[in-house]
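Chemist: missing the sequence, but the structure's below:
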């Protein structure tokens, strides 16, 4: 992700600033992640319309400059993102200030407690596909409850029937292979 060509210079500057913090740089999910005592603290990357720095426990930061965003309201609990669109927005002092506070959050052990697993009902379209294809049903039943839930939510979140159908077609081979929807990110 850090190799996004549109933001190459900006990301290099961000990396050089984060490198000044007392953190260990590791590679996770194909990206540089900076940790403190093995805990994820901060990372960065380029996207289509912006580049960003994100703080894994950013929900606990004071955010005096009001720059942190929840990238996915209702889904993201703890991570907060600082989006930038130009070199001029990069202010080393502020970035290091936020990183230092994020380190303090880790030292204090502050954490969001994940929601307990809540069962999700199988969407009718997926249920029908499982009833019609015994091989798909066997493969689906072998998946962990978490992976099953990922697939059920993926279908249920689609608003249009056409989208639900295309999503079902996309996930059938994945289910048959015994892999989860988001395994490539884990």
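Modeler: Thanks, I have the structure now. If you're wondering where the values come from, they're calculated on a predicted model, not measured in any experiment.

Chemist: If you count neighbours, what's buried in the strand or helix carrying residue 146?
Modeler: Secondary structure assignment for residue 146, by DSSP states H and E: helix 145-157. For helix 145-157, burial by neighbour count (16 or more other CB atoms under 10 Å) applies to 147-152, 154-156. From N, CA and C alone the C-beta is placed, and that goes for glycine too.

Chemist: before we move on, what about stretch 112-128?
Modeler: So stretch 112-128, judged by 16+ other CB under 10 Å, has buried residues 122-123, 125-126.

Chemist: on that earlier part again, report the distance from the next helix-or-strand element following the helix holding residue 146 to the chain centre.
Modeler: Note on helix 145-157: by DSSP H and E, the next helix or strand toward the C-terminus is helix 161-177. Its chain's C-alpha centre and that of helix 161-177 lie 22 Å apart, by CA atoms, centre = their mean, to the nearest Å.

Chemist: Does anything pack onto helix 161-177? Which helices or strands?
Modeler: Other helices and strands packing on helix 161-177, by 3 or more CB pairs under 8 Å, 6 or more residues apart in numbering; DSSP states H and E, are helix 124-132, helix 134-142, helix 145-157.

Chemist: what angle do that helix and helix 145-157 make?
Modeler: Interaxial angle, helix 161-177 versus helix 145-157 (axes from the mean of the first three to the mean of the last three CA atoms, to 10 degrees): 160 degrees.

Chemist: what's the pLDDT at the spatially closest residue to residue 34 that is not a sequence neighbour?
Modeler: Nearest residue to residue 34 in three dimensions, chain neighbours excluded: residue 23, at 3.9 Å (CB to CB, 6 or more residues apart in numbering). We have a pLDDT of 97 for residue 23.

Chemist: Tell me, how many residues neighbour residue 23?
Modeler: 21 (other CB atoms under 10 Å).

Chemist: Distance of it relative to residue 70?
Modeler: From residue 23 across to residue 70, the span is 23 Å (CB to CB, to the nearest Å).

Chemist: one step back: turn the buried residues of helix 145-157 into a markdown table, including pLDDT and distance to residue 59.
Modeler: Below are the buried residues of helix 145-157 laid out as a markdown table (pLDDT from 0 to 100; distance: CB to CB, whole Å):
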| residue | pLDDT | distance to residue 59 |
| --- | --- | --- |
| 147 | 93 | 27 |
| 148 | 94 | 28 |
| 149 | 92 | 23 |
| 150 | 93 | 23 |
| 151 | 96 | 28 |
| 152 | 95 | 27 |
| 154 | 95 | 25 |
| 155 | 96 | 29 |
| 156 | 94 | 26 |
